[in-house]
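Participant: sequence and predicted structure, then a few things I'm wondering about:
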Amino acid sequence: MVVSGTGELGDMMMLDRPRRWRASAFPYMMFAPAFILIAGVSFVPIGYALVQSVFRSSTLELGHYVGLRNYNDFFFTRDGIGSLENSLIFVAGTVALAVPLGVALALVLNRPIPFRSFFRVILILPWLVSNLVGALLWAWIGNPQYGLVPYLLSTFGIVMPNIITDPAAAMTSVIVASVWASTPLVMVFVLAALQSIPSDITEAARIDGASGWRRFWRITLPMVRNTTMMALVLTSLHAFKSVEIILVMTGGGPNGATETMATKVFHEAFTLLRIGVGSAGAVAIFVLNLMFTMAFVRVLRTEHGA
Amino acid sequence: MTKGRPLRKLIGNAATAAFLAAACLFAVVPIVWAVLTSLKSPQEVALYPPTFLPHHLTFENYLGAVIYNATYLHYLFNTALIVVIATILCLFCSAHAAHAVARYKFRGSSILMFAMFSTVMIPGVAVVIPLYLLSVKAGIYDTVLVLILVYSAWLTPTLVWLLRGFVIAIPPELEEAGRIDGYSRLGVFYRVTLPLLRPGLLAGSVLIFANIWNEFLLGYSLVQSETARVIQVGIYANLTEVGVQWGRLTAAAVTAMLPVLIVYAFLQKAFVQGLSAGAVKG
C-alpha cells in the first residue's frame, strides 16, 4: 500500500496558507466518514464477539464470566470437532475441483476459439447468481423425488443416493453447488492474468524452438501462479465462511454430516440461542481465517524474496 | 504446430470442445432447469419422469409468486431501496477516503489503510451475532437502516481500493489548477476530482449492487419482520415453509436473479474496464 502521487500537490497545499493545521487535518476529515462507518460495523462487533465469547449469555445482556468454557463447548460438545472436519472437507473439496476447473477454462478461453465471448458469458453466469438461489437451484435439480439429475442417472440404470438422507451424498451435493458458484471467479482471475502475459515472450520461446507443452509449463503456468494462488485463497475463505449453500440444501444434516463451523455458529446462536458458544465459534472462524491469510502472504513474500 | 500432425490436433480440438461443452452444461443447466420449471403448471412439476419442455406453457407461477404477490414485491422494493441508499452512502465515504489516501501523506495513513483493509477478511458469520446484539441495543434491529449501514460499511474498503486507483490516474496538475483558481481543497475535490471519477463510481456501483442484492446472512439475522425483509430472505422463507411449491419457488428465484443479470449485461464493459483500471494502479 504505497501512497503515491502525493508529492507536489501536498507540498503546494502546505505552502499556500498560513493555517497549517487545516492542511494536516484535511486528509483525516476526508477519511473520517469511511472510518467511522467501518469502525461501527466491523471493529466494534469483532471486539464485542471476543467479549461475548468468554461470557455465558442466552439473552441480550451479558451473562456471567466463564473463561474459555464456551470455546470448549463449541469444539467438544454437539460434535464440534465434526464440524471442523466437515469445514475442511467442504473447503478442500471446493478448492480441489473449482481451482483446476477454473484454470482449465481460463486456458481454453485464452485461445482463439470460435464464439469465445459467448462461452465467457455463459461460464460467468453462476457468479452472478446469489449463493442462496444457487443452492436452491441445486436442491431442486438433485431433488430425490422430482429432480432432473436422479432421473437422468436412473435412465442409465444408476440409482443416485438421496442427497438429503445419505451423509456422503449430502456432502457431495453441497460441494458440487459450491464448486458451481466458485469456479467463475477463478476463471475470471486467471484469464485476466493470462491476457496480461506479453505475447512476445511466448513468441520468443516459440522461435527458440520450445514446444507447446514446454511453453505452457515454463512460461504460461509460472506467470499465472500467483494469481491462481490468490484465487485459491479467496475460494477457500469464501467456502470456509459459506452458510447459505448448506443451510438451503441440507440444513447441516443428515445428523450433522454437513454441519460446518460456519453453519454451527449460525445454529448455536439463532436456533439454540447459545450466544456465548456461538460467539466462541465466530472468533475461532475469524482467527483461522486470519492465520490462513497470513500464512499465504508469508508464502508469497518468501517466494518473491528468493 | 506447423508440422503436420492433423490427427493429433483434431483429437485435441475435439477434447477441448467436449470439455467446454461439459463446463457450459454444468454452468447453465441448473438455471435453465429452474426457468423451465417456473413455466410449468403445478401438476406438471409433480410428474415423474419429469418433462423437459413445458407441455403447457403457463405464467401462473410468475403471476402467483411475483406479480400478484404483494409481500414479494415489497421485498423487492426493500432490497432496491437498500441498494440505492447504501450505494450512495458507500460511494460518498469511499470517494472521500480514496482521495485522502491517494493524494496526501499523513501520519498514520498506512495504519488506517491496513486497519480498514483488514476488515475485508472478517467473515460475515463471525460478526453476525454481535451485529445482532448491537443493533438491538442501538434500536435499529429489524429496520432497513441497519442493513444500509452494514452493507455500505462492508463494501467501503473494496471501494476505497478501487477508487484510489482512479484518483491516482488523474493528473495532479488538474487539481492544482483548481486550487490556483481559488477553490478550497474540498471544492477541488467536488468540482475537479469527483466528475473525473465517474467511470470508477460506475464500476463500483455495479460491484455494490451485485453484492447487496445477493446478500442473505445479515438480511436474515438483522431483520425479523416482513416489513424490512430483503429478497433473498423472502425466497428462503418460502423454501422452509411446509410443502414447497417448486413452480412458484423457481419463479421467485428466477425473478430475483434477473436484476443482477440485466445490470451486468448492460454495464459489463464499464465494469470490467473500471475494475482493471482500478486494479492496475494498485
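Facilitator: All right, it came through fine. Quick caveat: nothing in here was measured; it's all calculated off a predicted structure.
Participant: now do the helices in the stretch 51-200 of chain A.
Facilitator: For the stretch 51-200 of chain A, applying DSSP state H, counting those that start in this stretch gives helices covering A:69-76, A:80-109, A:116-128, A:131-141, A:148-155, A:167-195, A:199-207.
Participant: pick the most deeply packed of those.
Facilitator: helix A:131-141 (a mean of 26; mean count of other Cβ atoms under 10 Å in any protein chain shown). For the C-beta atoms, the positions are set from N, CA and C on the backbone; glycine is no exception.
Participant: residue closest to the middle of the chain?
Facilitator: Picking chain A for this. By Cα atoms, centre = their mean, chain A has its centre lying nearest to A:His238, at 1.7 Å.
Participant: correction: the question concerned chain B.
Facilitator: Note: chain B centre (Cα atoms, centre = their mean) maps to B:Ala210, 1.3 Å.
Participant: ok so, going back, mean pLDDT for the helices of the stretch 51-200 of chain A: which is lowest?
Facilitator: When the helices of the stretch 51-200 of chain A are ranked by mean pLDDT, helix A:199-207 comes last with a mean of 79.
Participant: same for the helix or strand that that one is followed by, what does it pack against?
Facilitator: Going down the chain from helix A:199-207, the next helix or strand is helix A:212-215, by DSSP states H and E. Here helix A:212-215 touches helix A:199-207, going by 3 or more Cβ pairs under 8 Å, 6 or more residues apart in numbering or on different chains; DSSP states H and E.
Participant: name the residues that touch the helix it packs on?
Facilitator: A:Arg214, A:Arg215, A:Arg218, A:Ile219, A:Thr220 (Cβ atoms under 8 Å, 6 or more residues apart in numbering or on different chains).
Participant: and of those, the nearest to chain B?
Facilitator: A:Arg215 (10.7 Å; Cβ to the nearest Cβ).
Participant: list the contacts of the closest one.
Facilitator: So A:Arg215 contacts A:Thr202, A:Ala205, A:Arg206 (Cβ under 8 Å, 6+ apart).
Participant: CA atoms only for stretch B:134-153 - export them in PDB, please.
Facilitator: C-alpha atoms of stretch B:134-153 as PDB (Å, rounded to 0.1, in the frame of the first residue of the first chain):
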ATOM      1  CA  LEU B 134     -25.600  -4.300  18.900                       C
ATOM      2  CA  SER B 135     -28.400  -3.400  16.500                       C
ATOM      3  CA  VAL B 136     -31.000  -4.400  19.100                       C
ATOM      4  CA  LYS B 137     -29.300  -2.200  21.700                       C
ATOM      5  CA  ALA B 138     -29.000   0.700  19.200                       C
ATOM      6  CA  GLY B 139     -32.700   0.300  18.500                       C
ATOM      7  CA  ILE B 140     -32.200  -0.200  14.700                       C
ATOM      8  CA  TYR B 141     -32.700  -4.000  14.700                       C
ATOM      9  CA  ASP B 142     -35.400  -5.100  12.200                       C
ATOM     10  CA  THR B 143     -35.100  -1.900  10.100                       C
ATOM     11  CA  VAL B 144     -33.800  -1.300   6.600                       C
ATOM     12  CA  LEU B 145     -31.400   1.300   8.200                       C
ATOM     13  CA  VAL B 146     -29.300  -1.400   9.900                       C
ATOM     14  CA  LEU B 147     -28.800  -3.200   6.600                       C
ATOM     15  CA  ILE B 148     -27.900   0.000   4.800                       C
ATOM     16  CA  LEU B 149     -25.200   0.800   7.400                       C
ATOM     17  CA  VAL B 150     -23.800  -2.800   7.500                       C
ATOM     18  CA  TYR B 151     -23.700  -3.300   3.700                       C
ATOM     19  CA  SER B 152     -22.200   0.100   3.000                       C
ATOM     20  CA  ALA B 153     -19.500  -0.400   5.600                       C
END
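Participant: thinking again about what came up before, tell me the one of the contacts of A:Arg215 nearest chain B?
Facilitator: A:Arg206 (8.8 Å).
Participant: and that closest one, how far from A:Gln195?
Facilitator: 18 Å (Cβ to Cβ, to the nearest Å).
Participant: any idea how many residues pack against the residue nearest to A:Pro254 when sequence neighbours are not counted?
Facilitator: With sequence-adjacent residues excluded and distances taken as Cβ to Cβ, 6 or more residues apart in numbering or on different chains, A:Pro254 is closest to A:Thr165, at 5.4 Å. A:Thr165 has 14 neighbours, counted by other Cβ atoms under 10 Å in any protein chain shown.
Participant: buried set for the helix-or-strand element of chain B with minimal mean pLDDT?
Facilitator: Using mean pLDDT, DSSP states H and E, helix B:246-280 stands out as the lowest-scoring helix or strand of chain B, at a mean of 81. Using 16 or more other Cβ atoms under 10 Å in any protein chain shown as the test for burial, helix B:246-280 gives B:246-257, B:259-260, B:263-264, B:267, B:270-271, B:274-275, B:277-278.
Participant: still on that earlier bit, element containing the residue nearest to the centre of chain B?
Facilitator: Going by DSSP H and E, B:Ala210 is in helix B:198-213.
Participant: quick one: average confidence on that helix?
Facilitator: 90.
Participant: by contact count, what packs against that helix?
Facilitator: Checked by 3+ Cβ pairs under 8 Å, 6+ apart, helix B:198-213 has helix B:70-103, helix B:144-169, helix B:246-280 packed alongside it.
Participant: what angle sits between the last one and helix A:116-128?
Facilitator: Relative orientation of helix B:246-280 with respect to helix A:116-128: 110 degrees, computed using axes from the mean of the first three to the mean of the last three Cα atoms, to 10 degrees.
Participant: tell me if helix B:246-280 is near chain A.
Facilitator: Yes - remark: helix B:246-280 sits within contact range of chain A at B:Trp246, B:Leu249, B:Thr250, B:Ala253, B:Ala256, B:Met257, B:Val260, B:Leu261, B:Tyr264, B:Ser276, by Cβ under 8 Å from any Cβ of the partner chain.
Participant: quick check, pLDDT for the residue nearest to the first one when sequence neighbours are not counted.
Facilitator: It refers to B:Trp246. Distance criterion Cβ to Cβ, 6+ apart; nearest residue to B:Trp246, sequence neighbours excluded, is B:Val45 at 5.3 Å. What the model reports for B:Val45 is a pLDDT of 84.
Participant: before we move on, the earlier item: list the helices and strands the one helix or strand the residue nearest to the centre of chain A maps to packs on?
Facilitator: Element membership for A:His238 (DSSP H and E) is helix A:221-241. When contacts are defined as 3+ Cβ pairs under 8 Å, 6+ apart, helix A:221-241 packs onto helix A:80-109, helix A:167-195, helix A:261-270, helix A:275-305, helix B:124-138.
Participant: touching, A:Asn283 and A:Leu50? I think so.
Facilitator: Let me fix one detail, which is that residue A:283 is Val and not Asn. Yes - taking Cβ atoms under 8 Å as the definition, A:Val283 is a contact partner of A:Leu50 at 5.9 Å.
Participant: fine by me, thanks again.
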